[in-house]
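Chemist: quick one: sequence plus predicted model below, questions after.
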Amino acid sequence: MAEKISAFPRLLLAGSPSAADKGTLLLGVICSIAAGVPFPLIGVLFGQLLDDFNAATCSESSGSSDSEDQSGINSRIAIIVYLAIAQFVLIYAHLSCWSLHGARLAQRLRERYLQNLLRQEPSYFDDLPPGEVASRLNNDVQTIRSGTSEKVGIVLSSLSFFVTAYIVAFIKDWKLAAMLLSLIPAYFLMSFIGTYYIEKYSGLMSDHAATAASIASEALSNIVVVQAFGGNSRLENKFSTALKASRSEGLKKATAIGIQSGFLYFIAYSANGLAFWQGSKSIANSVRNNTAGVTVGATFTVIFILVEGLSGSGKSTVAGLVTRLYDPTHGQILFDGQDIREVNARDLRGYLSLVQQEPSLLDRSLLENIAHGLINSSHANHAHLKTALNSSELSNLANEVREGKDLMTAAESRAPEIVEIAKLVRKAAELADADSFITALQHGYGTTVGSSGRLISGGQKQRVALARALVKDPAVLILDEATASLDSRSEQRIQQAINKIASGRTMITIAHRLSTITNADNIIVMHKGHIVEQGSHSVLMAKNGAYADLVKLQGLGSASGKNERASIDSVSKSVATSVTDGDVEKSSLRSAPLGDAGKPEFSAKEEAVADSPEEEQEPETPNKSLWALMKGYAPALRPHLLMIFISLVGAVVVGGAFSGEAVIFGNTVGSLNPCKSANYIDTRGNFYGLLFFILAIIEFFGNLVSWAGFGWISEKIVFTVRVLSFRSLFEQDLQWHQSDGRTPAVLLSYITRDGNALAGLSGSVIGTLFSISVNLIAAIVLTHIIAWRIALVCLALVPLLLGAGLMELRVLGQFEDRHENAYTQSVDIGVEAITSIKIIASLSLEEETLATYRRSLKGPRTETFKVSLLASLWQATTYFLGNLVNALAYWWGAKQILAGNYTQTQFLIVVFSLLVSALLWSQMFALAPELSNARAAMARILSLIEIGSDKMQGHVEDLPSTDIEATAETKPPISSSGASSVQLRDIHFSYPARPDMQVLNGMNIDIQPGKFCALVGPSGAGKSTIISLVERLYTPQTGSIIIDGVDVTKHRDVAFRDSIALVPQESVLFEGTVEFNIGFGARPGHEVSMDEIIAACKLANIHDTIAALPDGYQTLCGTNGNQFSGGQKQRLSIARALVRKPKLLILDESTSALDAESEKLLQDGLEKAARGITVIAIAHRLRTIRKADIIFLVDAGRCVDQGSHEELLERSESYRANVMHQTVV
């Protein structure tokens, strides 16, 4: 506990605060302490007023007049008003200071957290869960902001109040004060014990909830794979299992809160009983001895102020070691003769450029992404560009290009450095064969690529990554399968460009397409982390060893048939021409999409999302009335009606007890009048002290039932809502996920942030609100019965409290909404930076990323500060009006007592009832942010669940922990035999974000059952789009897609996917075991056996690799499968597809990350698995293409030719240009 206390001041000063921050903190501390002083002083004055009332009651013996009594009372009330004004100023000052401090601290922590993350070695992120960064930047920083803002000021003012109160109490009646002081250890002991268990269960809850969030985040980021395999139910099982564990701890937490609350109220009411019993004894003794002694006012003062408070052989690892993304455990890597571990990693990377096997781009424009390569350039003539590169100038230039201006024309109106950067970017894009497709896009170099480059195709992304590597003219260029996703013509053009720039620099190329490395000076053949051969192409071929075997395996050393050889000879000139001109693809790209699409994940929000990431915000909160929300959530509440009823009874008891306390209090104080006899005072003191103790027991059980009951209900409802939200999210099609700014981070917030907001409606909110409501009704009825004249005047003042409270509610609601939404973009930037950490590290983009992150925080900062000051004003006003109403009530009550209309007892019952009500109303308004957040979250969640198939009636409680699918309606078994037929008839399609750019323009394809079909064509021609449409991830504007005689575009049912298996271009593995990831491919409703998994792995040539691992099939794949190499991930993806025993197998460059030997073994396995089924393959490798029964040549969104390899080779020059230059010899 001491460590936590000492750590808190360090937290308040975390993140290198400025002098202004320290000044704000100091002022907040001073004002907070000062704000706690007036309330005990006001208590003293109220006690003195009671003495005045007693004096007025005994006026006959004292001989004083009513006017004198009224004058004394008025003077005290005036002092109360002055103290209330002082308290208002101090409360506003400390709330404003602490709100500003908390907001600025949160900003600093956001920036420092990301800054420290970016300083970590890339290996640190291998085990970082995918949702971790979003959770930290969103939930944890928000929690810190909440705990270091106005709540700290409230705690300090409460401590100040406590100290001041006891000083006053010991002055007034030291015996009674000492007696009440003895209860404090019991109060704090209960607080500490309860807090210990609450924190313990809260921590366990958070851990399990973070696991669930990580599962959801990973699934949302890979929605294409989830939908293609119908894996949402399996992932829902993992998700709900984690949430069940969180719910279990939440139920324990709710019980602990209920017990703690019950005991705290029991101690408080017992203290009341003890105080009045002891006070009655002291007053009775004073009456007996006829001394000044202890007065009723002194007793009341003490009570008032004290109580109410090969693949896998190590090739890519070599690239990671050279760039110091990782350091070797043994041995040395020498750079110009120096151990690179002795070289600063940032300086080293200034000489290097890396193009990764799976390239990643940041969510910026193409211009900015390519320019990123210049940021850490070691060239002296690039040093003067650093400032411009880290500023917002490039982003502004990209905005102008999106508005229709030419890149160079727009650049010339800016600083010379910007013009130079634009020229370098353009030159690099031309070298990387990217300029042609970029200029064909609607917004050219201003086009935004989306998170991880998801808005452009794999081939286009690879060319942009290559341009980014070339732009700084590096001394060492590392290409890790840099052309794996490109068609043959693009690859040949880039290879020629690379050959041109290779002079004078070192190049390290990792390649499985051996045709790309025949000109290398030194070829290194690796196997299981060791070098087995080394030399030039001609030397290694002469050896007829491992390298020569790989060449033969790819079928590149010998062409079969005289016609093929003749075709090779005849095509050489046309290939060279196409490489030189670079015009072959340009014609098709003029009408090409922003990307092929199993890859591109377009947003349907026409221009905003694709072109302007700054506008990518959370969807607006639906406008739902309170009645609509209650009606919508009714099905989820129905199973818990008994618990709700019991909890409401507890809340009624708690609310009613406040009015009961007012009756006991009024009668007690009235009975302690010194005008009464000592025996009477003694008797009534004993009686009312006992009533207070009975009330304490009732309060214990009432609070226990209310807080624990509503807490239990809350946990169960939140569990149901989160699972149904998850289910609904994955029932929506891909087009929904990619429209209206629905990024994975935004959708995840439905489950995390909105779920947390809804969880806030537990005993601490719902129970409190209901108790307050009951108390208000009881107080109004009671006060009108007892003293309607006083009650009417007091109630007339209630609208003042309500008006201030409602304004506070409105302003705080606006503040929370704006605060949450304002940081959505900054969280996305942080998550993207960590997702692409290897790119960030290799390009030394840490400073640029931080600069972009800081710019994203600037806008929210000013807005939140303004609203925070306004919210503090209304909070302070609410406190002030509470004191003002009390002062006016005492003034009016005094007049009524002096006029003889009511007794002191009646007055005190009315005033105390309304006093407690006013305090409770203030407490309710303090819950305004939680209420506002919860209502908005309820509306968003309800809207999401209502578009799901189950709506709020969905069942989630009875799902077994082993298989969620077992509860689903049993489907008739689908025969694994047979093959599917596929026909695309006159398909026209454009992505929603680019409706004017036709991707497919009259596409016609007819695939017969059991045939192996290959799709061949340039990048951007529409090949991956065809696959997306066959899976019905998108729906074409016109035309039909007929699978097994059924037009799948005419039905919402996706059961046809059960017989389709997809191997995507970029392999996706989920966090979990190898067994889980391969079993993920099983048909919905079917759990595969271990034998089936092993059989699929053997066909995919990955079984031996898995079996060699210490944990075998129980090996954890890690986040995004980071425990496996690219080739191993691809083979695992293929095994996942094969275990499905599909009738239609779709391969999207499924062997691009494999070496020749692995490819040969895999092809043999695929041939066995593919017997009797239909296969559609997007292929660039000649070996794969030659095995196809029919090849469709796709260009410009049409099928321009089809036939066998030999037929197309004979008659199609375009086909020959696409594939035949792969021949090595």
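Modeler: Now that the structure is in, tell me what you want to look at.
Chemist: compute the number of surrounding residues for residue 1051.
Modeler: 11 (other Cβ atoms under 10 Å). The C-beta positions use only the backbone N, C-alpha and C, and glycine is treated the same way.
Chemist: got it, and residue 680?
Modeler: 16.
Chemist: can you classify it by secondary structure?
Modeler: helix (DSSP: H, G, I helix; E, B strand; the rest coil).
Chemist: is it fair to say residue 1188 lies in a helix?
Modeler: No: read with three-state DSSP, residue 1188 is coil and lies in no helix.
Chemist: can you pull the contacts of it?
Modeler: By Cβ atoms under 8 Å, 6 or more residues apart in numbering, the contact set of residue 1188 is 1012-1014, 1177, 1179, 1204-1205.
Chemist: just the buried residues out of those residues, in ChimeraX syntax.
Modeler: To isolate the buried members of the contacts of residue 1188 in ChimeraX, using 16 or more other Cβ atoms under 10 Å:
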select :1012,1013,1014,1177,1179,1205
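Chemist: so, low pLDDT: which residues of the stretch 1001-1150 of the chain?
Modeler: Within the stretch 1001-1150 of the chain, the stretches with pLDDT under 70 are 1150.
Chemist: again, but for the stretch 151-300 of the chain
Modeler: Across the stretch 151-300 of the chain (using pLDDT under 70), the flagged ranges come out as 287-300.
Chemist: same thing but at 90, please
Modeler: Where the stretch 151-300 of the chain drops to pLDDT under 90, the residues are 151-243, 246-247, 250, 253-254, 257-258, 260-261, 263-300.
Chemist: which stretches of it form helices?
Modeler: 174-181, 184-221, 223-229, 232-289, 296-307 (DSSP state H, counting those that start in this stretch).
Chemist: including distance to residue 1116 and secondary structure, could the contacts of residue 1188 go into a markdown table?
Modeler: Supplementary listing: the contacts of residue 1188 in a markdown table, determined by distance: Cβ to Cβ, whole Å; DSSP: H, G, I helix; E, B strand; the rest coil:
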| residue | distance to residue 1116 | secondary structure |
| --- | --- | --- |
| 1012 | 35 | strand |
| 1013 | 36 | strand |
| 1014 | 36 | strand |
| 1177 | 31 | strand |
| 1179 | 32 | coil |
| 1204 | 44 | coil |
| 1205 | 42 | helix |
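Chemist: pipe the contacts of residue 1188 into a markdown table and attach distance to residue 650 per row.
Modeler: Listed next are the contacts of residue 1188 as a markdown table, based on distance: Cβ to Cβ, whole Å:
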| residue | distance to residue 650 |
| --- | --- |
| 1012 | 69 |
| 1013 | 68 |
| 1014 | 70 |
| 1177 | 65 |
| 1179 | 68 |
| 1204 | 79 |
| 1205 | 78 |
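Chemist: any idea which of the contacts of residue 1188 is closest to residue 188?
Modeler: Residue 188 has its nearest neighbour among the contacts of residue 1188 in residue 1177, at 71.3 Å by Cβ to Cβ.
Chemist: quick check, the closest one in contact with residue 1013.
Modeler: Yes: when contacts are counted by Cβ atoms under 8 Å, residue 1177 is listed as touching residue 1013 (7.0 Å).
Chemist: can I get the helices of the stretch 151-300 of the chain in a markdown table including mean neighbour count and distance to residue 158?
Modeler: Formatted as a markdown table, those follow (neighbours: other Cβ atoms under 10 Å; distance: least, Cβ to Cβ, whole Å):
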| stretch | mean neighbour count | distance to residue 158 |
| --- | --- | --- |
| helix 174-181 | 17 | 17 |
| helix 184-221 | 18 | 13 |
| helix 223-229 | 23 | 49 |
| helix 232-289 | 21 | 14 |
| helix 296-307 | 25 | 12 |
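Chemist: out of those helices, flag the one nearest residue 711.
Modeler: From the helices of the stretch 151-300 of the chain, taking Cβ to Cβ, the stretch that ends up closest is helix 232-289, at 2.4 Å.
Chemist: let me know the secondary structure of residue 623.
Modeler: Classified using three-state DSSP, residue 623 is coil.
Chemist: quick check on the spatially closest residue to it that is not a sequence neighbour: phi, psi?
Modeler: Spatial nearest neighbour of residue 623, chain neighbours left out: residue 939 (7.5 Å); criterion: Cβ to Cβ, 6 or more residues apart in numbering. According to degrees, to the nearest 10, the main-chain angles of residue 939 amount to phi -70, psi -40.
Chemist: report how many residues lie close to residue 939.
Modeler: 20.
Chemist: surely it meets residue 630?
Modeler: No: at 11.8 Å, residue 939 and residue 630 do not qualify as touching, with contact defined as Cβ under 8 Å.
Chemist: which residues sit in contact with the nearest residue to residue 265 once chain neighbours are set aside?
Modeler: Once flanking residues are discounted, residue 265 sits nearest to residue 699: 4.2 Å by Cβ to Cβ, 6+ apart. Residue 699 makes contact with 262, 265-266, 269, 653-654, 657, according to Cβ under 8 Å, 6+ apart.
Chemist: show me where the stretch 801-950 of the chain has strands.
Modeler: Counting by DSSP state E, counting those that start in this stretch, the stretch 801-950 of the chain has no strands at all.
Chemist: got the contact list for residue 754?
Modeler: Residues in contact with residue 754 (Cβ under 8 Å, 6+ apart) are 937, 940-941.
Chemist: quick one: it is in a helix?
Modeler: Yes: under three-state DSSP, residue 754 falls within a helix.
Chemist: which one of the contacts of residue 699 is nearest to residue 1115?
Modeler: Using Cβ to Cβ, the contacts of residue 699 come closest to residue 1115 at residue 262, 49.3 Å.
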